[in-house]
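Asker: here is my input, please return the structure:
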Amino acid sequence: MKLLDQFAACRTMNYATATEECYTAWVVDYLHFHRRRAGRWVHPDQLREPEAEAFLSHLATDRRLAASSQSQALCALVFLYREVLGRPLDRLNAVRAKRPERLPTVLSRDEVRRVLAVLDRHPTHGLLVRLLYGAGLRVGEGCSLRVADLDFDRRQIAVRNAKGFKDRAVTLPEQSRAGLAAQVERVRERHERATAKGPAWGWAPVADSLRHKRPQAGRELARQFVFPSAVTVREPESGRHQRWHTSPAVIGGAVKAAAEEGGVRKRVSPHTFRHTFATHLLEDGADIRTVQALLGHADVSTTMIYTHVLNRGPAGVVSPLDRL
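Answerer: Sure, this is the predicted structure:
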C-alpha cells in the first residue's frame, strides 16, 4: 500500500477532511525536502528524529514560516510516525518559529451592523455570518451545520465533532430563528426535488460508522446541511450524487467584500465575528467560564485573550493630554 493511501487512518479516527488534506500536504513537503537533500526519494521509515528536526528547523529558519504553520507540520509528522508507521518519534529539538503575541481583531457593535447589512443582501451569507457572531461559531462549524443540529424548541444549536473532536451546545439567537426556519424549509424543498429524481439523488455525506449502521442515513432530511453547496458531487464508488455544505472560502470572500463596502477599516475575516462574540459577551458581564464553554476552549487561558481587548484596558484610561 502506498504511504499516502495509509492516511485513510485519518478517516477511521474521525479527523476532519481539512485535517487529512493538511497532514498529507505536510508529509509530501517533508518527503520532497529530504529528496532534495539526498538526491533520491527516501521512505520515512529511514528518516527519524534528526531528519524530522532538520525539516522543522528549515521551516522556521529558511522559509520563515509562522509558528502556527510549523506546529501544523509537527502534528503531521507526529501523526505519520505514530498512527501510520507505528514508530512514534522521540522528543524533537528543532528550532522553533517565534509566535508573536497579537491581539485578536474585534469589531464594534456598529461595525458588526454595517457588515451584516451588506451581507444580508445574500440570504444565506447574512444568516450564516449572523450565527458566527450570535453563537460564536467557527466558520467551518457554521458551514457544516445539519438540519438535526438545530433545536428550535430549546433555542440551541448542537456543534458536532468540533475542534478537538468535542461536541458542544450553543445558543440559537432569537434574531436568527425565523431565518433559520425559512432556510430549513428551502433545504427541505430542494431535498424533495432531488430524491424525486431517483435513488442516486438526495444524499449528504455522513460518517462511515453511521453509513454502515444505517445505510439510508445520508438521504434523510435531518442529515442535510443547513447551508448546502450549490452543486452536487458524484461519488465514484456508489454513483450517488452528494451535496456538501457551502465552502468556508466563499464565506470568507463575502465577509471581506462586505467589510470593505461597509467602510470597516480593519482586517475582517469570518473568525473576527467569533472574536467579537466573546469580547461583547465579556463586556456585557458574562462569566469567563461560560464564554469558555460556549467557544469550546479546552483551557480558560485561551479565552483570557479576550480580556485584553475590553474597554477596561487602554481605552478605559483617560490620556493626560485630554485632561489639559
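Asker: where do the helices sit along the protein?
Answerer: 9-12, 17-38, 49-61, 67-79, 109-119, 123-135, 139-143, 177-195, 208-213, 248-261, 270-283, 288-295, 300-303 (DSSP state H).
Asker: can I get the ones you listed in TSV with distance to E220, mean pLDDT and mean neighbour count?
Answerer: C-beta here means a position set from N, CA and C on the backbone, and glycine is covered the same way. Listed next are the helices of the chain as TSV, based on distance: least, C-beta to C-beta, whole Å; pLDDT from 0 to 100; neighbours: other C-beta atoms under 10 Å:
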stretch	distance to E220	mean pLDDT	mean neighbour count
helix 9-12	21	62	14
helix 17-38	21	89	16
helix 49-61	44	92	18
helix 67-79	32	90	18
helix 109-119	30	96	18
helix 123-135	21	94	22
helix 139-143	20	95	23
helix 177-195	9	96	15
helix 208-213	10	83	11
helix 248-261	24	96	17
helix 270-283	28	93	22
helix 288-295	28	90	17
helix 300-303	36	83	13
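Asker: out of the ones you listed, the one nearest A222 is which?
Answerer: Among the helices of the chain, the nearest to A222 by C-beta to C-beta is helix 177-195 (10.3 Å).
Asker: what is that closest one packed up against?
Answerer: helix 123-135 (3 or more C-beta pairs under 8 Å, 6 or more residues apart in numbering; DSSP states H and E).
Asker: contacting residues around the helix it packs on?
Answerer: 112, 115-116, 119-120, 137-139, 142-143, 145, 157, 170-173, 175-176, 179-180, 183, 227, 246, 251, 254-255, 270, 273-274, 276-277, 294 (C-beta atoms under 8 Å, 6 or more residues apart in numbering).
Asker: any idea how far Q242 is from S209?
Answerer: Counting by C-beta to C-beta, to the nearest Å, the gap from S209 to Q242 is 17 Å.
Asker: do A204 as well
Answerer: 6 Å.
Asker: so what are the domain limits for the protein?
Answerer: Here the domain parsing of the chain from automatic domain parsing is 4-84, 101-316.
Asker: so what's the residue sitting nearest the centre point of the chain closest to, chain neighbours aside?
Answerer: For the chain, G140 is the residue whose C-alpha lies nearest the centre (C-alpha atoms, centre = their mean; 3.7 Å). Nearest non-adjacent residue to G140, counting by C-beta to C-beta, 6 or more residues apart in numbering: P248, 5.5 Å away.
Asker: list the contacts of the one you found.
Answerer: P248 makes contact with V139, G140, C143, P270, according to C-beta under 8 Å, 6+ apart.
Asker: one more time with 6 Å
Answerer: Applying C-beta atoms under 6 Å, 6 or more residues apart in numbering, we find P248 in contact with V139, G140, C143.
Asker: distance to S68 added to these, as JSON lines?
Answerer: Converted to JSON lines, the contacts of P248 look like this (distance: C-beta to C-beta, whole Å):
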{"residue": "V139", "distance to S68": "17"}
{"residue": "G140", "distance to S68": "16"}
{"residue": "C143", "distance to S68": "21"}
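Asker: can you tell me which of those is closest to G218?
Answerer: Distances from G218 to these, taken by C-beta to C-beta, are shortest for C143, at 17.7 Å.
Asker: that closest one: what's it in contact with?
Answerer: F227, H245, T246, P248.
Asker: what's the neighbour count on the second one?
Answerer: Translated: H245. Around H245 there are 20 other residues, counting by other C-beta atoms under 10 Å.
Asker: isn't it right up against R146?
Answerer: No. The pair H245 and R146 does not pass the contact test of C-beta atoms under 6 Å, sitting 8.6 Å apart.
Asker: any residues in contact with both of the two?
Answerer: F225.
Asker: ok, V118 to V255 distance?
Answerer: Relative to V255, and taking C-beta to C-beta, V118 is found at 9 Å.
Asker: er, F273 I mean
Answerer: Per C-beta to C-beta, F273 is found 8 Å from V255.
Asker: in JSON lines: the domains of the chain, plus distance to N93.
Answerer: Listed next are those as JSON lines, based on distance: least, C-beta to C-beta, whole Å:
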{"stretch": "domain 4-84", "distance to N93": "6"}
{"stretch": "domain 101-316", "distance to N93": "23"}
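Asker: which among these is found nearest to V95?
Answerer: Per C-beta to C-beta, nearest to V95 of the domains of the chain: domain 4-84, 4.1 Å.
Asker: how about the residue lying closest to E53 once chain neighbours are set aside, phi and psi?
Answerer: Leaving aside its chain neighbours, E53 sits nearest to A94 (4.3 Å; criterion: C-beta to C-beta, 6+ apart). For A94, the backbone dihedrals (degrees, to the nearest 10) come out as phi -80, psi 160.
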